[in-house]
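Engineer: below are the sequence and a predicted model; questions follow.
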Amino acid sequence: MTSGARWHDRLFDVMRDMGFIPSKNDPDIWMRPSKDGKVYKYIAVYVDDLAIAAKDPAEICQTLKDKFKFKLKGDGPLEYHLGCGYWRDPDGTLVADPKKYIEKMMEWYEKEFGEKPK
């Protein structure tokens, strides 16, 4: 078994222990209802990157670090994830902005083909 598969198996056990269940549509999206049952907490997993959507994501991060000894980096507000920048507009809506990814792809294209894409 690869180290990635072992990590994923461990994460599966940890998510279950924390009360999260995998989505039926995508087993790498974990969800758990809040204590009052009015909202859900979500954790999206891509390889070893986590994106947490919750009213108090710091509580989830702290549990992962303290109880389960995960080494998390970049566990503050979501700013950049999987090639996409994130920010909030004036009314607080989370906006996904692929500008950095597009810029990287443009640089790669120019380096690879010696010209800008048309």
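Structural biologist: Yep, that arrived.
Engineer: make it CA atoms for all contacts and neighbour counts henceforth
Structural biologist: Fine.
Engineer: in which helix or strand does residue 111 reside?
Structural biologist: According to DSSP states H and E, residue 111 maps onto helix 99-113.
Engineer: what is the mean pLDDT for that helix?
Structural biologist: Averaged over helix 99-113, pLDDT sits at 92.
Engineer: so which other helices or strands are in contact with that helix?
Structural biologist: On a contact count with 3 or more C-alpha pairs under 8 Å, 6 or more residues apart in numbering; DSSP states H and E, helix 99-113 meets strand 84-88.
Engineer: tell me the angle of the strand it packs on relative to helix 99-113?
Structural biologist: Between the axes of strand 84-88 and helix 99-113, defined by axes from the mean of the first three to the mean of the last three C-alpha atoms, to 10 degrees, the angle is 160 degrees.
Engineer: whichever helix or strand comes after strand 84-88 pairs with which strands?
Structural biologist: Per DSSP H and E, strand 84-88 leads on to strand 94-97 as the next helix or strand towards the C-terminus. Sheet pairing for strand 94-97, assigned by DSSP bridges, gives strand 84-88 (antiparallel).
Engineer: which parts of the strand it pairs with are buried?
Structural biologist: Buried positions in strand 84-88, judged by neighbour count with 16 or more other C-alpha atoms under 10 Å: 85, 86.
Engineer: distance between it and the chain's centre?
Structural biologist: The chain centre lies 12 Å from the centre of strand 84-88; the measure is C-alpha atoms, centre = their mean, to the nearest Å.
Engineer: now tell me what touches it from outside.
Structural biologist: 78, 79, 80, 94, 95, 96, 97, 98, 99, 100, 101 (C-alpha atoms under 8 Å, 6 or more residues apart in numbering).
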